[in-house]
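Peer 1: sharing a model prediction with you, sequence too.
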Amino acid sequence: MNDTKKSHIHYKTNLNFKIGKKYQDCLITYGLLKSPKSENRIFRMTEKEADYITYFKRFKEYKNLQETAFY
(Lines give C-alpha, C1' and ligand atoms only; values in the text may rest on other atoms or scores of the structure.)
Protein backbone atom coordinates (compact mmCIF):
# COMPACT_ATOMS: atom_id res chain seq x y z
CA MET A 1 0.00 0.00 0.00
CA ASN A 2 1.04 3.59 -0.52
CA ASP A 3 1.98 5.66 2.52
CA THR A 4 2.05 9.43 2.22
CA LYS A 5 1.81 12.63 4.21
CA LYS A 6 -1.27 14.83 4.16
CA SER A 7 0.62 17.70 2.54
CA HIS A 8 1.73 15.42 -0.31
CA ILE A 9 -1.86 14.31 -0.94
CA HIS A 10 -3.07 17.90 -1.11
CA TYR A 11 -0.18 18.96 -3.33
CA LYS A 12 -0.61 16.09 -5.81
CA THR A 13 -4.38 16.62 -6.04
CA ASN A 14 -3.98 20.39 -6.38
CA LEU A 15 -6.49 21.04 -3.59
CA ASN A 16 -6.19 23.58 -0.83
CA PHE A 17 -6.20 22.19 2.70
CA LYS A 18 -9.78 23.20 3.50
CA ILE A 19 -11.30 21.40 0.50
CA GLY A 20 -8.78 18.57 0.70
CA LYS A 21 -9.76 17.92 4.31
CA LYS A 22 -13.38 17.34 3.25
CA TYR A 23 -12.31 14.76 0.67
CA GLN A 24 -9.86 13.20 3.11
CA ASP A 25 -12.58 12.79 5.73
CA CYS A 26 -14.89 11.26 3.14
CA LEU A 27 -12.23 8.73 2.08
CA ILE A 28 -11.65 7.80 5.72
CA THR A 29 -15.41 7.44 6.34
CA TYR A 30 -15.80 5.06 3.38
CA GLY A 31 -12.77 3.02 4.42
CA LEU A 32 -10.58 3.99 1.48
CA LEU A 33 -7.93 5.76 3.54
CA LYS A 34 -6.52 5.01 6.98
CA SER A 35 -5.93 7.99 9.20
CA PRO A 36 -2.59 8.25 10.98
CA LYS A 37 -2.44 7.05 14.55
CA SER A 38 0.97 8.41 15.42
CA GLU A 39 2.86 11.69 15.32
CA ASN A 40 4.37 11.03 11.87
CA ARG A 41 0.97 11.82 10.24
CA ILE A 42 1.38 9.23 7.48
CA PHE A 43 -1.82 8.21 5.70
CA ARG A 44 -2.16 4.70 4.34
CA MET A 45 -4.23 3.47 1.41
CA THR A 46 -6.48 0.55 2.33
CA GLU A 47 -7.04 -2.67 0.38
CA LYS A 48 -10.52 -1.38 -0.45
CA GLU A 49 -9.03 1.71 -2.11
CA ALA A 50 -6.55 -0.40 -4.07
CA ASP A 51 -9.44 -2.49 -5.39
CA TYR A 52 -11.40 0.66 -6.26
CA ILE A 53 -8.48 2.08 -8.23
CA THR A 54 -8.08 -1.21 -10.12
CA TYR A 55 -11.77 -1.30 -11.06
CA PHE A 56 -11.73 2.37 -12.04
CA LYS A 57 -8.75 1.84 -14.36
CA ARG A 58 -10.49 -1.16 -15.97
CA PHE A 59 -13.66 0.87 -16.47
CA LYS A 60 -11.66 3.70 -18.04
CA GLU A 61 -9.98 1.26 -20.45
CA TYR A 62 -13.35 -0.28 -21.34
CA LYS A 63 -14.86 3.16 -21.92
CA ASN A 64 -11.98 4.14 -24.21
CA LEU A 65 -12.43 0.92 -26.19
CA GLN A 66 -16.13 1.64 -26.59
CA GLU A 67 -15.49 5.18 -27.79
CA THR A 68 -12.92 4.12 -30.37
CA ALA A 69 -15.12 1.27 -31.64
CA PHE A 70 -17.60 3.75 -33.09
CA TYR A 71 -15.06 5.73 -35.12
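Peer 2: The structure has been received and is ready for your questions. Please read all numbers here as calculations on a predicted model, not as lab measurements. Residues are numbered from 1 along each chain as shown.
Peer 1: ok, the residue positioned nearest the centre of the chain to Thr13 distance?
Peer 2: The centroid of the chain falls nearest to Glu49 when counting by CA atoms, centre = their mean (6.8 Å). With the distance defined as CB to CB, to the nearest Å, Glu49 ends up 14 Å from Thr13. (C-beta placed from N, C-alpha, C; glycine too.)
Peer 1: distance of Arg41 from Ile53?
Peer 2: Remark: distance between Arg41 and Ile53 (CB to CB) = 22 Å.
Peer 1: hmm, Leu27 and the residue nearest to the centre of the chain touching each other?
Peer 2: Yes: counting by CB atoms under 8 Å, Glu49 touches Leu27, with 7.4 Å between them.
Peer 1: just the strands in this structure please.
Peer 2: 3-5, 33-34, 42-45 (DSSP state E).
Peer 1: got JSON lines for those strands, with mean neighbour count, distance to Arg58 and mean pLDDT too?
Peer 2: Output for those, formatted as JSON lines (neighbours: other CB atoms under 10 Å; distance: least, CB to CB, whole Å; pLDDT from 0 to 100):
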{"stretch": "strand 3-5", "mean neighbour count": "13", "distance to Arg58": "24", "mean pLDDT": "81"}
{"stretch": "strand 33-34", "mean neighbour count": "18", "distance to Arg58": "21", "mean pLDDT": "86"}
{"stretch": "strand 42-45", "mean neighbour count": "16", "distance to Arg58": "18", "mean pLDDT": "84"}
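Peer 1: dump these into JSON lines; add distance to Lys18 as well.
Peer 2: Converted to JSON lines, the strands of the chain look like this (distance: least, CB to CB, whole Å):
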{"stretch": "strand 3-5", "distance to Lys18": "17"}
{"stretch": "strand 33-34", "distance to Lys18": "18"}
{"stretch": "strand 42-45", "distance to Lys18": "17"}
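Peer 1: nearest to Asn64, out of those strands?
Peer 2: strand 42-45 (24.7 Å; CB to CB).
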